[in-house]
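> One predicted model, sequence on top.
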Amino acid sequence: MSDALVLLTVLAATAAGLWAWRRWHYPSFWLALGFPIVAVAVRVSWRRIALGCGLTKKRQRWWFTTVPGLVASTGIVKVRRRFQRVAVDTKPFMRLPMPTRHGWRVTLHTLEGQTPGDYTDAAERLSHSWGVHAIRVSSPRPGRVVLMATMRDPLVKVDDLPPSPELLRVTVGRLETGKPWTIDFRTVPHWLNAGATQSGKSNLANALIVGLAPQPVALVGFDLKGGVEFTPYTPRLSALATCRAESVTLLCDLVGLMIDRMGLCRQAAARNIWQLPPALRPVPVVVLVDELAELYLMADKSEKDEIAKTSTALLRVAQLGRAFGIYLFCCGQRIGSDLGPGVTALRAQCSGRICHRVNDPETATMTLGDLDPAALASARAIPAETPGVAIVASQDGQWYRARSFYVSEQAAEHAAHTHAHLTPSWDDITTHLFEHANA
């Protein structure tokens, strides 16, 4: 009886130790114990799962068969051999799985006639068959497909990340790969950010304000909700437009600023402001637009000319602003082609795309539909109970699930007041550009 009690005690202590190991230091637990078990299970089950997911191929193979014959007079058994064609199922060749931070990845050799799309279509079935959170499919070269498995959702909880010291670069959250989610305006100058109410769209704008406030940049706001979103941040804003008329004036100022900087670069034989000497380089400008649709909605025909001016000026800034240090971050609940051709043209200039949970498929299609159908499907599947989760497509040509860390309005307002002394005057920016250059 004592031996059984000792055995139960040892088993209980072992189970408790494994639970604590997994709970408090999951990376080492995963590499030492979890991944080897999973790797064996993946290799053993691959033939069965590939057959169930329709990833196998029927192949005709020749087999030797023996046909015995009996000669009665001599009692000698003669054996004849002949070929027989048999159809067999052939599975894609799988290499050894390799561990990742949140799961594992494995490379497959595709069979004849297969494309990466066949594996993308089967990704959901594969994830259910292996009991993992998600399977992502990529193809590094022809004939090879990489399956990237995520064991559990890494975006359930996102801790705050350290700020980035680089100019015009802000760390706003974490990607599903475990890497930081950064918005770098020097690399991707213009962004389109779509999301319904309570989806995390405004939280992302707060994160940008907190990240950009201590940097030597000018922040310009367009808040067509009457200023209720950006007014608390005015100490750090060089200019703020809260209605359509103010937006037209401010956009005209931005176009004029861009033309002035063109002349400055032409005089210095520079292609962009970053090739100018530091003493001549003008301050970068980040333009934050909230409720983009309000710039294009028309109540009656009397607003037609005003909307045309707004659309044209915003598109000119998007087309030419990068070289002259003017960057856009446009947010909206509703972004559709029904708003007019100006929105579609602006979308083409915004290489950075962020899509939170949206209320209508058209907005998701407008944001991601021209990039990757799989990204569009993933955006439509974002649940309401995970605010801050978004599909991000940026400079590397890939799309990722990401989640921004929570930044309250109070934190953004505190950052705006703390760094108010860094706010350049809009009059100085737009009026004294050449005077500063000559000085």
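Cool, the structure landed. Numbering: from 1, shown residues only.
> Just checking, which helix or strand succeeds the helix or strand containing Ala15 along the chain?
Element membership for Ala15, per DSSP states H and E: helix 2-24. Sequence-wise, the next helix or strand downstream of helix 2-24 (DSSP H and E) is helix 26-29.
> Now that next one - C-alpha only, CSV.
Output of helix 26-29 as CSV, limited to C-alpha atoms (Å, rounded to 0.1, in the frame of the first residue of the first chain):
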residue,chain,number,x,y,z
TYR,A,26,6.2,27.8,-22.1
PRO,A,27,9.0,28.3,-24.7
SER,A,28,11.4,25.8,-23.0
PHE,A,29,8.5,23.4,-22.3
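> Averaged pLDDT, that helix. What do you get?
The predicted model assigns helix 26-29 a mean pLDDT of 75.
> tell me what the helix or strand just after that helix is packed against?
Remark: after helix 26-29, the chain's next helix or strand is helix 35-52, criterion DSSP H and E. Under the contact criterion of 3 or more CB pairs under 8 Å, 6 or more residues apart in numbering; DSSP states H and E, helix 35-52 touches strand 93-94, strand 103-109, helix 123-130. Placement of C-beta: from N, CA and C, glycine included.
> hang on, the earlier thing: just checking, what packs against the helix holding Ala15?
Contacts defined by 3+ CB pairs under 8 Å, 6+ apart place helix 2-24 against helix 26-29.
> buried set for the helix it packs on?
Going by neighbour count (16 or more other CB atoms under 10 Å), the buried part of helix 26-29 is Phe29.
> For the stretch 151-300 of the chain, which residues score under the pLDDT cut-off?
158-164 (pLDDT under 70).
> hang on, the earlier thing: the helices and strands packed on helix 35-52: which one's closest to Asp153?
Nearest to Asp153, of all these, is strand 103-109, at 10.7 Å by CB to CB.
> orientation of the closest one relative to helix 123-130 in degrees?
Relative orientation of strand 103-109 versus helix 123-130 (axes from the mean of the first three to the mean of the last three CA atoms, to 10 degrees): 120 degrees.
> Could you list the buried residues of strand 103-109?
Buried residues in strand 103-109, counted by 16+ other CB under 10 Å: 103-106, 108.
> Give the partner strands of it in its sheet and their orientations.
In the sheet, strand 103-109 lines up against strand 93-94 (antiparallel), strand 98-99 (antiparallel), strand 144-150 (antiparallel) (DSSP bridges).
> Determine the next helix or strand in the C-terminal direction from that strand.
Using DSSP H and E, the first helix or strand after strand 103-109 is helix 116-121.
> need the strands for the stretch 151-300 of the chain, in chain order.
Using DSSP state E, counting those that start in this stretch, the strands found in the stretch 151-300 of the chain span residues 169-175, 180-184, 190-194, 218-223, 237-241, 285-290.
> ditto for the stretch 301-439 of the chain
According to DSSP E, counting those that start in this stretch, the strands that the stretch 301-439 of the chain contains are 326-332, 352-355, 389-393, 399-404.
> okay but Trp191 is in contact with Arg353, surely?
Yes - shown here, Trp191 and Arg353 form a contact pair, counting by CB atoms under 8 Å, at 7.4 Å.
> Among the two, which residue is more densely surrounded?
Arg353 (25 against 22; other CB atoms under 10 Å).
> Not counting its neighbours along the chain, what's nearest the more buried one?
Ala393 (4.4 Å; CB to CB, 6 or more residues apart in numbering).
> so what's that neighbour bridging to?
Listed by DSSP bridges, the beta-bridge partners for Ala393 are Arg353, Trp399.
> That one reaches Leu376, doesn't it?
No - with contact defined as CB under 8 Å, Ala393 does not count as touching Leu376 (10.3 Å).
> shared neighbours, these two?
Counting by CB atoms under 8 Å, 6 or more residues apart in numbering, the contacts common to Ala393 and Leu376 are Leu368.
> And the two? Which one has more around it.
Ala393 (23 against 20).
> Name the residue closest to the centre of this structure, please.
Val392 (2.0 Å; CA atoms, centre = their mean).
> burial count for the nearest residue to Ser127 once chain neighbours are set aside?
Excluding the flanking residues, the one nearest Ser127 by CB to CB, 6+ apart is Ile135, at 4.4 Å. Counted with other CB under 10 Å, residues neighbouring Ile135 total 22.
> any idea how far the helix holding Ala15 is from the chain center?
Remark: helix 2-24 is offset 42 Å from the chain centroid, using CA atoms, centre = their mean, to the nearest Å.
> oh, and call the first residue 26 from now on, that's how I've got it
With the count now opening at 26, the last piece we talked about shows up as helix 27-49.
> Show me the contact partners of that helix.
Residues contacting helix 27-49 (CB under 8 Å, 6+ apart): 53-54, 58-59.
> at 10 Å what do you get?
Applying CB atoms under 10 Å, 6 or more residues apart in numbering, the contact partners of helix 27-49 are 53-55, 57-59.
> List the contacts of the residue nearest to the centre of the chain.
Applying CB under 10 Å, 6+ apart, we find Val417 in contact with 197-198, 200-201, 206, 208, 216, 218, 377-380, 393, 400, 423-429.
> Filter those residues down to the buried ones.
197-198, 200-201, 206, 208, 216, 218, 377-380, 393, 400, 424-429.
> returning to what we had before: quick check, the residue nearest to Ser152 in a helix?
No - going by DSSP: H, G, I helix; E, B strand; the rest coil, the assignment for Ile160 is strand, not a helix.
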